[in-house]
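Novice: coords please:
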Amino acid sequence: MVKIISFDKQGRLYIPEEVRKALQFKTLVLRTFGNGIFIEPIEDDPIEALGKLGRKKLSGKSVRELKDRARKEIEKNALKKIRRH
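Specialist: Numbering: from 1, shown residues only. Now for the predicted structure:
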């Protein structure tokens, strides 16, 4: 099924009723890929689904890499807060 959809004035994306009924989902995961998006239903157990997402992001990364990445994110966010004030 292919549908052309658009955002409304508030930035919401409308998923047509026939699509919602066919897929019977309530909660979604939205992922961005370059300049596109991918939306998929979340699993019945959201904690398990989040764990899977986390494992994919962490896969193949050393503890040092993860610490360095976290430190850079913290510094970036701190700089944003400093600039606002």
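Novice: starting at the chain centroid, how far to the worst-scoring helix or strand of the chain on mean pLDDT?
Specialist: Sorting the helices and strands of the chain by mean pLDDT, DSSP states H and E puts helix 46-58 at the bottom, at a mean of 74. Between the centre of helix 46-58 and the centre of its chain there are 11 Å (C-alpha atoms, centre = their mean, to the nearest Å).
Novice: hmm, who's touching the lengthiest helix in the chain?
Specialist: For the chain, the longest helix by residue count, based on DSSP state H, is helix 63-84. Contacts made with helix 63-84 from outside it, assessed by C-beta atoms under 8 Å, 6 or more residues apart in numbering, are listed as Leu58, Lys61. Bear in mind the C-beta positions are built from the backbone N, C-alpha and C, glycine included.
Novice: Now do the buried residues in it.
Specialist: For helix 63-84, burial by neighbour count (16 or more other C-beta atoms under 10 Å) applies to no residue.
Novice: could I have the least confident helix or strand of the chain exported to CSV, CA atoms only?
Specialist: Provided in CSV are the C-alpha atoms of helix 46-58 (Å, rounded to 0.1, in the frame of the first residue of the first chain):
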residue,chain,number,x,y,z
PRO,A,46,8.0,-1.5,25.2
ILE,A,47,10.8,-2.1,27.6
GLU,A,48,12.0,-5.0,25.5
ALA,A,49,11.7,-2.9,22.3
LEU,A,50,13.8,-0.1,23.8
GLY,A,51,16.3,-2.7,24.9
LYS,A,52,16.6,-3.9,21.4
LEU,A,53,17.1,-0.4,20.1
GLY,A,54,19.8,0.2,22.6
ARG,A,55,21.6,-3.0,21.8
LYS,A,56,21.7,-2.0,18.1
LYS,A,57,23.2,1.4,18.9
LEU,A,58,25.7,-0.1,21.4
